[in-house]
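**Student:** Fold the stuff below for me.
(one chain, ligands or ions: 2)
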Amino acid sequence: MSAIIEEILKLKEQRNAIILSHNYQRDEVQDIADFIGDSLELSRTAAEIDCDVIVFCGVHFMAESASILSPDKTVLLPELGAGCPMADMIQVSSPRKVWKTFPGYETQPTFVFPHEFTLRDIKAKYPGVPVVAYVNTTAEVKAESDICCTSANVVKVIESLPDEKVICIPDRNLSMWAQKNTKKQIIAWDGFCHVHDRITKKDVLKAREEYPKAVFMAHPECRLEVLELADYVTSTSGMLRFAKSSDAGEFIVGTEIGLMHRLKKENPDKIFYPLRKDMICPNMKKTTLNSVLSALKEMRNVIKVSEDIRIPAKRALDRMLGIK
Ligand code: 13P
Ligand code: SF4
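**Tutor:** Numbers count the residues shown, from 1 in each chain. Ligands and ions are numbered 1, 2, ... in the order given. Next up is the predicted model:
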């Protein structure tokens, strides 16, 4: 065991800390974690786990959710600069910045709401229509929403609401996927994940040609044109479960390449091909063993949400977590 890992483990014990890691983290970070998972599993774990300190190896909104759900624990985000650009694509009230769209995205559905508005604008335009916020949002946005969802439960969450019309923020691709799988009417926001949205139909056809025997799994943050070509659409941990239970021996993986580590580790007899090798989330890769060590040593980068935001944000998260 390397000296740095020994030191992390020792500090972890001294501080009664638990290390949580998202499935996209660097291999070596995943390997020292107590629990690795998708956004839904990590939220559930953060809400239930018994410890004093949570070291959250992921991006800012994930650590924020952990702090919202477990306000008595100290939540550390080893790299404060690890954000999620999609989560910043919707603001409650301040004017929004303009983001670059990747070329080739010409099929904008009519239900997507234009960029220059805020969450309060959309709520005012559709009074009484509930807001379903993807967990990839800030605490402020969650606090102004009715319920949260993740890629693993978006359709279940929408179906759990009594309303026939729902506002889904901020991922246009997740909304389009949900729209395909529900009869309810979705009013969507025009946000996107730059890692998944850059993938096109052409990439899928190329990979299919290269690996004709492989089963294609895709994350719902990909464009609809990609999802329509997939054999299975699911969250990151959904892909892990699917790959394990499937009889297939080869898989094309349509998500961030960090997931390859667990896929290979948990299925040594199966072969996994990344859909595209550049599906890398730079923010997820910011956290290193060194940053985990420094966070634990200095108890730095504490993520704390003020009570006026935390309480309504927790309501939206709890409502989601209450759905079995
Ligand atoms: P999962 O909830 O599927 O892990 O996805 C999180 C995420 O950030 C995808 O880009
Ligand atoms: Fe955000 Fe995309 Fe990175 Fe996930 S992969 S954290 S959605 S930028």
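
**Student:** got the residues of the protein near ligand 2?
**Tutor:** 59, 84-86, 136, 193-195, 221, 256, 281, 283-284 (CB under 6 Å from any ligand atom). In this view, the C-beta of every residue, glycine as well, is placed from N, C-alpha and C.

**Student:** mind giving me CSV with these and columns for distance to residue 265, secondary structure and neighbour count?
**Tutor:** As requested, these are exported to CSV (distance: CB to CB, whole Å; DSSP: H, G, I helix; E, B strand; the rest coil; neighbours: other CB atoms under 10 Å):
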residue, distance to residue 265, secondary structure, neighbour count
59, 22, coil, 27
84, 25, coil, 20
85, 28, coil, 18
86, 28, coil, 27
136, 26, coil, 28
193, 24, coil, 25
194, 27, helix, 15
195, 22, helix, 24
221, 23, coil, 28
256, 16, coil, 23
281, 19, coil, 22
283, 23, coil, 19
284, 18, coil, 25
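
**Student:** so can I have CSV of these showing pLDDT?
**Tutor:** Shown next, in CSV, are the residues of the chain next to ligand 2 (pLDDT from 0 to 100):
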residue, pLDDT
59, 97
84, 94
85, 90
86, 93
136, 96
193, 95
194, 93
195, 96
221, 98
256, 98
281, 96
283, 95
284, 97
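
**Student:** Can you tell me which of those residues comes closest to residue 204?
**Tutor:** residue 221 (14.6 Å; CB to CB).

**Student:** The closest one contacts residue 198, doesn't it?
**Tutor:** No: the criterion here is CB atoms under 8 Å, and residue 221 misses it with residue 198 at 10.8 Å.

**Student:** With adjacent residues omitted, what lies nearest to the residue in the stretch 51-200 of the chain that ligand 1 sits nearest to?
**Tutor:** Of all residues in the stretch 51-200 of the chain, residue 151 sits closest to ligand 1, at 4.1 Å by CB to the nearest ligand atom. Of all residues not flanking residue 151 in the chain, residue 235 sits nearest, at 4.2 Å (CB to CB, 6 or more residues apart in numbering).

**Student:** Next up, the contacts around the one you found.
**Tutor:** The contact partners of residue 235, by CB atoms under 8 Å, 6 or more residues apart in numbering, come to 38-40, 150-152, 219-220.

**Student:** any weak-confidence spans in the stretch 101-250 of the chain?
**Tutor:** Judged by pLDDT under 70, the stretch 101-250 of the chain has its weakly predicted residues at 101-116.

**Student:** For residue 227, see how far away the nearest residue to residue 193 once chain neighbours are set aside is.
**Tutor:** Nearest residue to residue 193, sequence neighbours excluded (CB to CB, 6+ apart): residue 221, at 4.4 Å. Note on residue 221: its distance to residue 227, by CB to CB, to the nearest Å, is 9 Å.

**Student:** Make CSV out of the contacts of residue 235 and add secondary structure.
**Tutor:** Below are the contacts of residue 235 laid out as CSV (DSSP: H, G, I helix; E, B strand; the rest coil):
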residue, secondary structure
38, coil
39, helix
40, helix
150, coil
151, coil
152, coil
219, coil
220, coil
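
**Student:** could I get those residues as CSV with neighbour count?
**Tutor:** Formatted as CSV, these follow (neighbours: other CB atoms under 10 Å):
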residue, neighbour count
38, 23
39, 26
40, 21
150, 22
151, 27
152, 20
219, 30
220, 30
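
**Student:** Name the residues that touch stretch 260-278?
**Tutor:** Under CB under 8 Å, 6+ apart, the answer for stretch 260-278 is 23, 27, 30, 36, 198-199, 203-204, 207, 210-211, 214, 216, 218, 239-240, 243-244, 248-255, 257.

**Student:** No more questions from me, cheers.
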